[in-house]
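> Provided below are the primary sequence and the corresponding predicted coordinates.
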Amino acid sequence: MKAAIIKKKRVLSVEDIDKPRIAGNEILVKVKASGVCGTDVHVYEDEVPIAKLPVIPGHEFSGEVEAIGGDVKDVKVGDRVAVEPNLFCGQCHFCRTAKKHFCENWAAVGLTRSGGFAEYCAVPRQAVYKIEDKLGFNEAAFFEPVACVLHGIERSQLKAGDTAAVMGAGSIGLIYVQALKALGVKNVISCDIDDKKLKIAKGLGADRALNTKTDDVVGIVKDMTGGLGVESVIDAAGAKATLSMAFSLVQNCGSVVVFGVPTEPMEINMYDIYRREISVVGSFTNPYTNEQALKLLAAGRIKFDQILTHAVSIDGVEAAMIKMRDKTETVIKAQIRF
């Protein structure tokens, strides 16, 4: 089979290797579509300490069951599936206290074991979710990021009828816009520095799309909310500037959700948090939102035709990652097609 292997920092090789052998509790998935995530770019740059190089990356993928281990009883060859990459032991303190995403023995497909940048991938039974026939493989490959977004919305404590601002209109920000509207948030404001992305956000349901470089974002948001600010700001950019602006957009007793991975140190006015009772919360992975994500996808509530900007073969994945890293093109989402 063909597989893209990150050997070491900035060295990716597409090779013909043997199909994986599966253990009794494992399933061999014939990969149909595999999303290229920013995390994969960080693995390529050797910036993810838990990634065990060399590794076949890829943690956003779907496909067909090619073979099952002897201990698997509820999945059959030919089933259409999506893969949840996070693997939990079920026995540690965090797994037993409803915090399994902090499992002390956590592992991940595409990071600590081979992932979906290959024609076939072996995964434990716990990682496999069956998908409905009406859900295409290209869409089902978004299973993991949609589930992560839904967890972020849970962390925000937003309610139907509220107003939210989403900082960043990349693939995650655009999924947030649609998921928030699907769950009844009245006004969703998309903020970015790229007018092309903002136009897409507007087309996908954003009530306002604001350029943080050219628009008076704080003034406009305050006008929209009667001077109060939004109930929650979800930062899907992870930039110092967007996180700083979030505190000017959120209303008293509101929440700021740190979803994007912050790469710069920043100062937070702790008195502001105290005096205004602002909740600053992190959102990491997708511990209990997988079933909900599949239902939302099957219902067609999340559209991907404008998010999927680069469909590539496995031979073109390194070039796509370099474009993502260097921002030489607007790559909202790249996806390997098999």
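Perfect, thanks for sending it.
> outline the domain layout of this protein.
2-142+304-337, 149-282 (automatic domain parsing).
> and the closest residue to residue 337 other than its chain neighbours, its phi and psi?
Closest residue to residue 337 apart from its sequence neighbours, by Cβ to Cβ, 6 or more residues apart in numbering: residue 311 at 5.3 Å. Where you see a C-beta, it was placed from the backbone N, CA and C, and this is true even at glycine. The phi and psi values for residue 311, taken as degrees, to the nearest 10, are phi -90, psi 120.
> equivalent analysis for residue 280, please.
phi -110, psi 110.
> what count of nearby residues applies to residue 99?
Other residues within reach of residue 99, judged by other Cβ atoms under 10 Å, total 12.
> off-centre distance for stretch 283-292?
10 Å (Cα atoms, centre = their mean, to the nearest Å).
> ditto for stretch 223-235
24 Å.
> can you tell me the distance between the two ends of that stretch?
Its start and end residues considered, stretch 223-235 measures 21 Å (Cα to Cα, to the nearest Å).
> now stretch 106-125
16 Å.
> same question for stretch 59-75.
End to end - Cα to Cα - stretch 59-75 spans 20 Å.
> and it, what's buried?
For stretch 59-75, burial by neighbour count (16 or more other Cβ atoms under 10 Å) applies to 59, 60, 61, 62, 63, 65, 66, 67, 68, 69, 72, 75.
> which one of the residues you listed is nearest residue 194?
For these, the residue nearest residue 194 by Cβ to Cβ is residue 60; the value is 22.3 Å.
> beta partners for the residue nearest to the closest one when sequence neighbours are not counted?
Using Cβ to Cβ, 6+ apart and skipping residues adjacent in sequence, the residue nearest residue 60 is residue 35, 3.4 Å away. Assessed by DSSP bridges, residue 35 has beta-bridge partners residue 335.
> can you read off the pLDDT for residue 35?
pLDDT recorded at residue 35 is 98.
> cool, and the one 3 residues further on?
Predicted confidence (pLDDT) at residue 38: the value is 90.
> thinking again about what came up before, who's the residue nearest to residue 337 bridged to?
residue 335.
> right, and it touches residue 333 too?
No: between residue 311 and residue 333 there is no contact under Cβ atoms under 8 Å: 9.5 Å.
> and these two? Which one has more around it.
residue 333 (25 against 14).
> how close does the more buried one sit to residue 194?
To residue 194, residue 333 is 14 Å away according to Cβ to Cβ, to the nearest Å.
> swap in residue 89?
Distance from residue 89 to residue 194, by Cβ to Cβ: 41 Å.
> check residue 179 too.
As judged by Cβ to Cβ, residue 179 and residue 194 stand 21 Å apart.
> neighbour count winner among the two?
Neighbour count, other Cβ under 10 Å: between residue 179 and residue 194, residue 179 has more, with 23 against 17.
> who's in contact with residue 71?
24, 25, 125 (Cβ atoms under 8 Å, 6 or more residues apart in numbering).
> for the last one, the count of nearby residues, please.
Summarising burial for residue 125: neighbours were counted as other Cβ under 10 Å, giving 16.
> just checking, it touches residue 26?
Yes: judged on Cβ under 8 Å, residue 125 makes contact with residue 26 at a distance of 6.9 Å.
> so for these two, which residues contact both of them?
Common neighbours of residue 125 and residue 26 (Cβ under 8 Å, 6+ apart) are 69, 72.
> what bridges to residue 61?
residue 34.
> and it, what is it in contact with?
29, 31, 32, 33, 34, 35, 82, 83, 115, 116, 121, 141.
> so what's the residue positioned nearest the centre of the chain up against?
Compute the mean C-alpha point of the chain, and by Cα atoms, centre = their mean the closest residue is residue 145, 2.9 Å away. Contact analysis of residue 145 by Cβ under 8 Å, 6+ apart lists 35, 37, 60, 171, 172, 175.
> for it, phi and psi?
phi -60, psi -40.
> please apply the same query to the one 5 residues further on.
In terms of degrees, to the nearest 10, the main-chain angles of residue 150 are phi -60, psi -30.
> counting neighbours, what do you get for it?
Neighbour tally, residue 150, other Cβ under 10 Å: 24.
> return the distance of it relative to residue 144.
11 Å.
> buried stuff in stretch 125-137?
125, 127, 128, 129, 131, 135, 137.
> in CSV: those residues, plus secondary structure, pLDDT and distance to residue 228.
As requested, the buried residues of stretch 125-137 are exported to CSV (DSSP: H, G, I helix; E, B strand; the rest coil; pLDDT from 0 to 100; distance: Cβ to Cβ, whole Å):
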residue, secondary structure, pLDDT, distance to residue 228
125, helix, 97, 48
127, helix, 97, 43
128, strand, 97, 45
129, strand, 98, 40
131, coil, 97, 41
135, coil, 96, 39
137, helix, 97, 44
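> just to revisit the earlier point, and the buried residues of stretch 59-75, which is closest to residue 327?
Out of the buried residues of stretch 59-75, the member with the shortest distance to residue 327 (by Cβ to Cβ) is residue 60, at 20.5 Å.
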